[in-house]
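> Provided below for reference: sequence and predicted model.
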Amino acid sequence: MTNRKMQIIELTLKNIQEKGFTSFSYEHLAKELGVTKASIHYHFEKKGDLGIAVCERIQQGLVGAYTLIKESTMPAEEKPFAFIMQRVKFLEQDGVCPISALQADYQELPQPMQEKLQQLSQMEIDVFVELLKDAKQQGALQATNDLEALAVFLISSTKGALQYKRVLGEAFFLKMLAQLQELLK
């Protein structure tokens, strides 16, 4: 992938986290990059094409974080929390999960991008369920058998807390993380 193409994807990802997908334009990206709109269109004909490339970039990050945690030597019962922390580290100081930001704009996205976002959203749940399964097999998480429901609950709680953190500050988020860590014991 060309350096310019990657710059466009990374800047778009940043814009999605800050403003959402529908709130920026190719003109806005071009100004930030110091290039022409035609340069953006050269790499991504339509904004939906750029959105799919961003979803693929997020997917790569998700797979990378999962692989890093899955293959680590830490105990299986610590891996679900470590995965959450790895994903949170990916965000800027007051960043919103890019998947959540795209989900907020879901109705406005082109159909192919909606489909890619559905796949990405399900993949996020699935990889977390895999880590929870490993923890359960090691004797942790005895309170529940529905690991998909637990994954959805924990992911939703984390993402909601990221939104609250923007308003109520870091202490709020740290309190939620401590509670989440307790739940995963």
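Yes, it's here.

> contacts, neighbours, all on C-alpha from now
Fine.

> distance from the longest helix belonging to the chain to the middle of the chain?
Under DSSP state H, the helix in the chain containing the largest number of residues is helix 111-137. Its chain's C-alpha centre and that of helix 111-137 lie 11 Å apart, by C-alpha atoms, centre = their mean, to the nearest Å.

> okay, and for this structure, where does confidence drop off?
1, 92-94 (pLDDT under 70).

> can you give me the helices for the protein?
Taking DSSP H, the helices of the chain run over residues 3-19, 26-33, 37-43, 47-70, 79-89, 98-104, 111-137, 147-168, 170-183.

> mind putting the ones you listed in TSV, mean neighbour count included?
As requested, these are exported to TSV (neighbours: other C-alpha atoms under 10 Å):
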stretch	mean neighbour count
helix 3-19	18
helix 26-33	15
helix 37-43	15
helix 47-70	18
helix 79-89	19
helix 98-104	19
helix 111-137	18
helix 147-168	17
helix 170-183	14
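
> separation between Lys159 and Ala38?
35 Å (C-alpha to C-alpha, to the nearest Å).

> quick check: Ile125 touching Val152?
Yes - using C-alpha atoms under 8 Å, Ile125 makes contact with Val152 at a distance of 6.5 Å.

> re the thing from before, output the contacting helices and strands for the longest helix of the chain.
Judged by 3 or more C-alpha pairs under 8 Å, 6 or more residues apart in numbering; DSSP states H and E, helix 111-137 is in contact with helix 47-70, helix 79-89, helix 98-104, helix 147-168.

> residues contacting the residue lying closest to Lys133 once chain neighbours are set aside?
For Lys133, ignoring the flanking residues on the chain, the nearest one in space by C-alpha to C-alpha, 6 or more residues apart in numbering is Leu147 at 7.1 Å. Residues in contact with Leu147, defined by C-alpha atoms under 8 Å, 6 or more residues apart in numbering, are 129, 132-133.

> pipe those into TSV and attach distance to His28 per row.
As requested, the contacts of Leu147 are exported to TSV (distance: C-alpha to C-alpha, whole Å):
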residue	distance to His28
Val129	38
Leu132	41
Lys133	44
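
> out of those residues, which comes closest to Glu115?
Nearest to Glu115 among these: Val129, at 21.2 Å, using C-alpha to C-alpha.
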